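Chemist: task: produce atomic coordinates for the following.
(one chain, ligands or ions: 1)
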Amino acid sequence: METKIAIIGLGYVGLPLAVALSKSYTVIGYDISEHRVRELKEGHDRTREVDEAILKKSTLQVSTDPSAMLGADVFIVTVPTPVDATNTPDLDPLRKASTTLGEILTKGSIIVYESTVYPGVTEDFCGPILENISGLKAGKDFFLGYSPERINPGDKIHTVEKITKVVAAQTPDVAQKLAQIYGKMNNNNTFIAKSIKAAEAAKVIENTQRDINIAFMNEISLIFAKMNLSIHDVLDAASTKWNFLKFTPGLVGGHCIGVDPYYLAQASKALGHEPQMILAGRAINESMANELADLMTQRVGRPLRLLVLGLTFKENVPDLRNTKVTDLIEALKKRGHQVDVHDPCADAEEASKFFNYSLVPVLTLDNHYDGVVGAVPHDLYCQFSNADFGRFLKPQGWIFDLKAIWRTSPPAGFNYWTL
Ligand SMILES: NC(=O)c1ccc[n+]([C@@H]2O[C@H](COP(=O)([O-])OP(=O)(O)OC[C@H]3O[C@@H](n4cnc5c(N)ncnc54)[C@H](O)[C@@H]3O)[C@@H](O)[C@H]2O)c1
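Modeler: Okay, the predicted model is just below:
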């Protein structure tokens, strides 16, 4: 019998997965956002993860009506797992998605969570909701699974079809079945984890490890800045050692690296263990906007008219969620600078709606800035020539290159600074 799959949540993670699986299976995509479903029906993916031509050709059906999922055998949940204003995990989207699924699942259903969580959320938080609503028993009537998502938005190399997919389930048979299902989209590049909790933990430490490594780079970059030493010069030398781990300093934003460690920290605290390194890493990374604003201000010693290049949380994506460039802009304003912002990838309406920023539409001579801040290494900025800078930056103006974008040949005729 043909396997029918439902994907719940069609964002950065859910949509590419749904499109990839729809090459081998009947796939129904469900999302609560009317706006999202409408744009997908029109063949447009605002996240730019799936090309218009591929989306239009796909057999994927999308709907805001949960009943469209009736009859599916496997349900894959890819809803957000954010933190609230106090950095406490917000499991509400998972609660709501599980409540919806509780009404739909039947005997034999498999419910797989892909959202990043701390160990225990699938079996101890989502499972009971599904059981209560459906009246069925997890592990007996229906089965839970977990398969962490590792995609990296904007990365066209490590796509969902090319990365190893970790899967786990309540029983070995179900885990095998999931490995087969996911294996169809990535040439059987799957790994069956020992347990659901092990798979949940694996994902959250992958991102926490990255956060801590970046925090170390941020800390040493601040120490070296006080020594008038560029961390990049240091890294060039240190990374010639075979086992040196090369990360680079910067703002850590977005909804994964800067969020997931709080999930692990919360689980740790609930067990009475104070997670010192995890939270120290978070604190250092959270402090970087202020530290960078201080370093730049000390360098010039007076308020400047600045243009920040890049607002999204990382390069070449339109995603503005939890971008830390806003912290930097506000920190610069607090220190007396006048700040404009430009971003070729961000949606101007979203920038205005979320942060009340009017993005500079084009870079012209009319805006003669005292300094520019390279905040996000979008491709457009990486290709800037001297002449490009001359279009919007005063002669001898400042280039604050926070991501070492132009470090190998700093534009001539300007003051250049990087960490
Ligand atoms: N984006 C990434 O880089 C990435 C990578 C790996 C893992 N993850 C994890 O994957 C999960 C999803 O992240 P994302 O970036 O795709 O989020 P997203 O915000 O891009 O997409 C989530 C989608 O779920 C929908 N949704 C919310 N509640 C729903 C509900 N109750 N029922 C149905 N749909 C609902 C939203 O409307 C939205 O379209 C998160 O846990 C995230 O941590 C994300």
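
Chemist: all contacts plus neighbour counts: C-alpha atoms, from now on.
Modeler: Fine.

Chemist: any idea which element whatever residue of the stretch 201-350 of the chain ends up closest to the ligand lies in?
Modeler: Distance from the ligand to each residue of the stretch 201-350 of the chain (CA to the nearest ligand atom) is smallest for Cys256, at 5.1 Å. Under DSSP states H and E, no helix or strand contains Cys256.

Chemist: for the closest residue to it other than its chain neighbours, give its distance to Asn152.
Modeler: Among residues not flanking Cys256 along the chain, Asn207 sits closest, at 7.0 Å (CA to CA, 6 or more residues apart in numbering). Counting by CA to CA, to the nearest Å, the gap from Asn207 to Asn152 is 11 Å.

Chemist: cool, Ala68 as well?
Modeler: According to CA to CA, Ala68 stands 29 Å off from Asn152.

Chemist: surely Thr100 is in contact with Pro66?
Modeler: Yes. With contact defined as CA atoms under 8 Å, Thr100 reaches Pro66; the gap is 7.2 Å.

Chemist: buried set for the worst-scoring helix or strand of the chain on mean pLDDT?
Modeler: The weakest-scoring helix or strand in the chain, judged by mean pLDDT, DSSP states H and E, is helix 386-390 (a mean of 90). By neighbour count with 16 or more other CA atoms under 10 Å, helix 386-390 contains the buried residues 389-390.

Chemist: what do you get for stretch 29-37?
Modeler: Using 16+ other CA under 10 Å as the test for burial, stretch 29-37 gives 29-31, 36-37.

Chemist: residues contacting it, please?
Modeler: 6-10, 15, 18, 60-66, 68-69 (CA atoms under 8 Å, 6 or more residues apart in numbering).

Chemist: do stretch 239-252 as well
Modeler: Contact with stretch 239-252 is made by 211, 213-215, 217-218, 221, 235, 238, 258, 285-286, 288-289, 313, 323-325, 402-403, as judged by CA under 8 Å, 6+ apart.

Chemist: can you give me how far the lengthiest helix in the chain is from the chain middle?
Modeler: In the chain, taking DSSP state H as the definition, the longest helix is helix 196-226. Taking CA atoms, centre = their mean, to the nearest Å, the mean C-alpha location of helix 196-226 is offset from the chain mean by 14 Å.

Chemist: in that helix, what counts as buried?
Modeler: Within helix 196-226, the residues scored as buried using 16+ other CA under 10 Å are 196-205, 207-208, 210-219, 221-222, 224.

Chemist: any bit of it sitting next to the ligand?
Modeler: No. For a cut-off given as CA under 6 Å from any ligand atom, helix 196-226 has no contacts with the ligand; the smallest distance is 8.3 Å.

Chemist: the residue of the stretch 201-350 of the chain closest to the ligand against Glu206, yeah?
Modeler: No. Using CA under 8 Å, Cys256 is not in contact with Glu206, being 10.3 Å away.

Chemist: quick check: end-to-end length of stretch 131-143?
Modeler: 11 Å.

Chemist: and the buried residues of stretch 29-37, which two are furthest apart?
Modeler: Gly29 and Arg36 (11.0 Å; CA to CA).

Chemist: ok, so of the contacts of stretch 29-37, who is nearest Gly183?
Modeler: Ala18 (13.9 Å).

Chemist: correct me if wrong: the closest one contacts Ile8.
Modeler: No. Look at Ala18 against Ile8 with CA under 8 Å: they stay out of range, at 9.4 Å.
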